[in-house]
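Colleague: Below are the sequence and a predicted model; questions follow.
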Amino acid sequence: MLNGKAALVTGASGRGMGRSIALTLARDGYAVALNYRQNEKAVRELSDLIRSRGGRAAVVQGDVFKQEDCQRLVQATVEQLSGLDVCVISPGADWNPEPVTALKPKKSLRDVFQEVAPIYYLLPHALKAMQPKKQGRIIGVASNLSIPSPSYSYNAAKAARIEALKQAVSAAWKLGVTVNVIAPGPVDAFESMEEADASAQGGCLHGKVTPQDIAEGVAFLCSDAGRYITGCVLPYLF
């Protein structure tokens, strides 16, 4: 049953966390805007599945590393789903296993850009869209830096993303919006839509962290139980 709220899920076209987050929020009654950059076929399949269960989904193309696309993503969500209550910011830098002793600054600075740019580009528009209701959720996907990877560049870029989100907590709370971070380690993809869907519906248990574990953390932060949680970095063991 729809709950009257809308969520923008960036990076929903892959086989990982974005897809599972979208399926889980749809399960919980959210209308979902499914963002993709190139893989329209995959996100159309996801949209069809959500709609087949009586859910509501919109397909929105856009590159979260481009400022004008981020503005358009928020605008399209508001126009097609009559508002914005949740914004999940997932895509970031590619894996760059570069130790500090072999640092290539140009490549490493691109990692920082890809982690921080979606935050800077989406936050102002998402907060403005949430302001009329005086409530909302901003959730960024980063990494569990308490168990850091061997990559200096990756760790520094993820730390920049986390701090960019945490620095928005106070201003966002004045608008009734929470800002939190999901911080997993490596998460294996679900190979099929069927497996991802079964997990979202509660039919599968796994012996390791999966995209569904991440999605359930997002769902909790979006729920009424999470309405007073802000500035949290929710870690997952790996």
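Modeller: Yes, it's here.
Colleague: contacts, neighbours, all on C-alpha from now
Modeller: Will do.
Colleague: Buried residues in the longest helix along the chain, which are they?
Modeller: When secondary structure is assigned using DSSP state H, the longest helix within the chain turns out to be helix 105-130. Going by neighbour count (16 or more other Cα atoms under 10 Å), the buried part of helix 105-130 is 108, 111-123, 125-127, 129-130.
Colleague: Going by contacts, tell me the helices and strands next to the helix or strand just after it.
Modeller: Following helix 105-130 in sequence order, the next helix or strand is strand 136-141 (DSSP states H and E). If contacts are counted by 3 or more Cα pairs under 8 Å, 6 or more residues apart in numbering; DSSP states H and E, strand 136-141 sits against strand 86-89, strand 177-183, helix 211-222.
Colleague: hmm, 6 Å instead?
Modeller: Of the remaining helices and strands, those touching strand 136-141 by 3 or more Cα pairs under 6 Å, 6 or more residues apart in numbering; DSSP states H and E are strand 86-89, strand 177-183.
Colleague: Dump the longest one to PDB, restricted to CA.
Modeller: Only the C-alpha atoms of strand 177-183 are listed here, as PDB (Å, rounded to 0.1, in the frame of the first residue of the first chain):
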ATOM      1  CA  VAL A 177      15.200  16.800   7.400                       C
ATOM      2  CA  THR A 178      17.600  14.100   8.800                       C
ATOM      3  CA  VAL A 179      20.900  13.400   7.200                       C
ATOM      4  CA  ASN A 180      22.600  10.000   7.700                       C
ATOM      5  CA  VAL A 181      25.200   7.800   6.200                       C
ATOM      6  CA  ILE A 182      25.100   4.100   5.400                       C
ATOM      7  CA  ALA A 183      28.700   2.700   5.700                       C
END
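Colleague: strand partners of that strand, parallel vs antiparallel please.
Modeller: strand 136-141 (parallel), strand 233-235 (parallel) (DSSP bridges).
Colleague: Would you mind telling me which of those strands is nearest Gly83?
Modeller: The closest approach between Gly83 and any of the strands paired with strand 177-183, judged by Cα to Cα, belongs to strand 136-141 at 10.5 Å.
Colleague: what does that closest one contact?
Modeller: The set of residues that contact strand 136-141 without belonging to it, under Cα atoms under 6 Å, 6 or more residues apart in numbering, is 85-90, 130, 177-182.
Colleague: in that strand, what counts as buried?
Modeller: Gly136, Arg137, Ile138, Ile139, Gly140, Val141.
Colleague: now stretch 200-209
Modeller: Of the residues in stretch 200-209, those scored as buried under the neighbour-count criterion (16+ other Cα under 10 Å) are Ala200, Val209.
Colleague: Which residues does it contact?
Modeller: The list of residues contacting stretch 200-209 from outside it, by Cα under 6 Å, 6+ apart, reads Thr24.
Colleague: wait, doesn't Ala58 sit right on Ala33?
Modeller: Yes: distance between Ala58 and Ala33: 4.6 Å, which falls inside the contact criterion (Cα atoms under 6 Å).
Colleague: Please identify which of these two sits among more neighbours.
Modeller: Counted by other Cα atoms under 10 Å, Ala58 and Ala33 do not tie: Ala33 has more neighbours, with 29 against 20.
Colleague: Mind putting the helices and strands packed on strand 136-141 into TSV with mean pLDDT?
Modeller: Listed next are the helices and strands packed on strand 136-141 as TSV, based on pLDDT from 0 to 100:
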stretch	mean pLDDT
strand 86-89	98
strand 177-183	97
